[in-house]
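Peer 1: please work out how this folds:
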Amino acid sequence: MQTLYVDTPEALRALAESLRGSPWLALDTEFIREKTFRPQLSLVQVSNGSLTACVDPLALTDLTPLLDLIYNPTVTKVMHAARQDLEIFLELRGELPRPVFDTQVAATVLGYGDQVGYGSLVRQVLGVDLEKAHTRTDWMQRPLAPDQIEYAADDVRHLAPLYQRLRAQLDAKGRLDWLDEDFAALVEPRTYRTPPEEAWLRIRGAGKLKGAQLAALRALTAWREEQAMALDKPRRWILKDEMLIELARQMPDTLAKLGRVRGLEAAVANRHGQKLVTLIAAARRLPPEQWPVLDLAERLDASQEAVVDLLAGVVRQLGADQGVSPSAIACRRDLERVLLGDTEVSLLHGWRGMLAGQALCDIVAGKTRVRVEAGRLVLEPAQDSLDERKR
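Peer 2: The predicted model follows:
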């Protein structure tokens, strides 16, 4: 397959014309994000199965001919682990291209494993071993060597036949529509844009805080988010997650106390100390009804945790029976929500509900019992359910 390197407006227009009319396009991007809040796009790879190209956004100030094609709603965009690539397109145009087909997501319902890497999936499905020599390439450096370009092109060159093979397998199993909701979620802007006031929900360790401490964490994290966006710097460069937790835990109300917080860099205290103390003080003054509440308020007791363990085992068994990755069916929090009676959880709807959700609800309701036979879990109607059916 021919590989083009596109770095002039004329070549970009010619590429767009050559790709026009394709019902789907394989897409990938290369980017750098180590020193910025927003990803820095450094290469766009595209293929329609017969033509593959690497487009250089560092040489091109206007990607409109290609973007118009990518944003065409009649063209399916095929990607692997699409979230980061889609975030870049959201930055480029303020909206997301659709429809999308994610081969990593498709792999989970075809028995290829959970969050399977592109190289592993290509090897399993196509029997091709991909080159790994340039996994740590700095894609912002120019010029790119021919072998670097070919390495990047492989990310879409094999994605094209991979898509066709996986789609055929989904069709053969009657699962083509299973992933509609998953793919729709990928092109929902809220998936990528968290309001600053909700950023605290992503901070690991928040469950150790309570009351006004959570209010302080919310305020501090929102401030950090706004700073990172305004300066286009990584969040951790402004204030590390563990320091957010520690400041919220201790809630220092003076600069002197702030300076005694272990691990807080002097440069941060000097530059932002007064702002941090002010935010914490405002959080301390909030009335209890304005304190944020974690979704962990309903903590399970030991008996309930045991039931969730059982439900997780059932999900693994049902997934194995159908060749579906258990994590694609449900996470532990989903199972907890089912046990607590939440009917809005995705596990109870669509293909997940058909495959496992209803069975789990029946177990929780006592309509189904679980036993072990020949080393595997077996589901069968409970005696009460059998008696009721006989009546």
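Peer 1: where does pLDDT dip in the protein?
Peer 2: Counting by pLDDT under 70, the ranges of the chain that qualify are 1, 134-135, 295-298, 384-391.
Peer 1: ok, which stretches of it are strands?
Peer 2: 2-6, 24-32, 40-47, 51-55, 76-79, 100-102, 368-373, 376-381 (DSSP state E).
Peer 1: which of those strands is buried the deepest?
Peer 2: Each of these was given a mean neighbour count from mean count of other Cβ atoms under 10 Å, and the largest, a mean of 25, is that of strand 76-79. Quick note: C-beta positions are derived from backbone N, CA and C, even for glycine.
Peer 1: name the helices or strands packed onto that one?
Peer 2: Using 3 or more Cβ pairs under 8 Å, 6 or more residues apart in numbering; DSSP states H and E as the contact test, the elements touching strand 76-79 are strand 24-32, strand 100-102, helix 159-172.
Peer 1: next one: the last one to chain centre, how far?
Peer 2: Distance, stretch centre to chain centre, for helix 159-172: 22 Å (Cα atoms, centre = their mean, to the nearest Å).
Peer 1: buried residues, it. List them.
Peer 2: By 16 or more other Cβ atoms under 10 Å, the buried positions in helix 159-172 come out as 159-163, 165-167, 169-170.
Peer 1: same check on stretch 113-122?
Peer 2: Applying a neighbour-count criterion of 16+ other Cβ under 10 Å, the buried positions in stretch 113-122 are 113, 116, 118-119, 121-122.
Peer 1: of those, which belong to helices?
Peer 2: Counting by DSSP state H, the members of the buried residues of stretch 113-122 that fall within helices are 118-119, 121-122.
Peer 1: among those residues, which one lies nearest to Ala374?
Peer 2: Minimum distance to Ala374 across these is 32.1 Å, recorded for Leu121 (Cβ to Cβ).
Peer 1: gap between the closest one and Gly263?
Peer 2: With the distance defined as Cβ to Cβ, to the nearest Å, Leu121 ends up 41 Å from Gly263.
Peer 1: who are the neighbours in contact with the closest residue to Phe31 other than its chain neighbours?
Peer 2: Across the structure, with Cβ to Cβ, 6 or more residues apart in numbering as the measure, the residue nearest Phe31 apart from its sequence neighbours is Pro39 (4.2 Å). Listed by Cβ atoms under 8 Å, 6 or more residues apart in numbering, the contact partners of Pro39 are 31-33, 84, 87-88, 91.
Peer 1: ok, 10 Å please
Peer 2: With contacts taken as Cβ atoms under 10 Å, 6 or more residues apart in numbering, Pro39 has the following neighbours: 29-33, 84-85, 87-88, 91.
Peer 1: thinking Thr343 is in contact with Cys361, fair?
Peer 2: Yes. Here Thr343 lies in contact with Cys361, judged by Cβ atoms under 10 Å, at a distance of 8.9 Å.
Peer 1: what ranges does the stretch 251-391 of the chain have for its helices?
Peer 2: Under the criterion DSSP state H, counting those that start in this stretch, helices of the stretch 251-391 of the chain are mapped to 255-259, 266-285, 302-322, 326-329, 332-339, 350-352, 358-364, 383-390.
Peer 1: of the ones you listed, which is nearest His80?
Peer 2: His80 lies closest to helix 326-329 among the helices of the stretch 251-391 of the chain, at 15.3 Å (Cβ to Cβ).
Peer 1: buried by neighbour count: which residues of the closest one qualify?
Peer 2: By neighbour count on 16+ other Cβ under 10 Å, the buried set for helix 326-329 is 326, 328-329.
Peer 1: need the residues that contact it.
Peer 2: Counting by Cβ under 10 Å, 6+ apart, the neighbours of helix 326-329 from elsewhere in the structure are 105-110, 113-115, 178-179, 182, 312-320, 322, 335, 346-347, 351-352, 355-357, 360.
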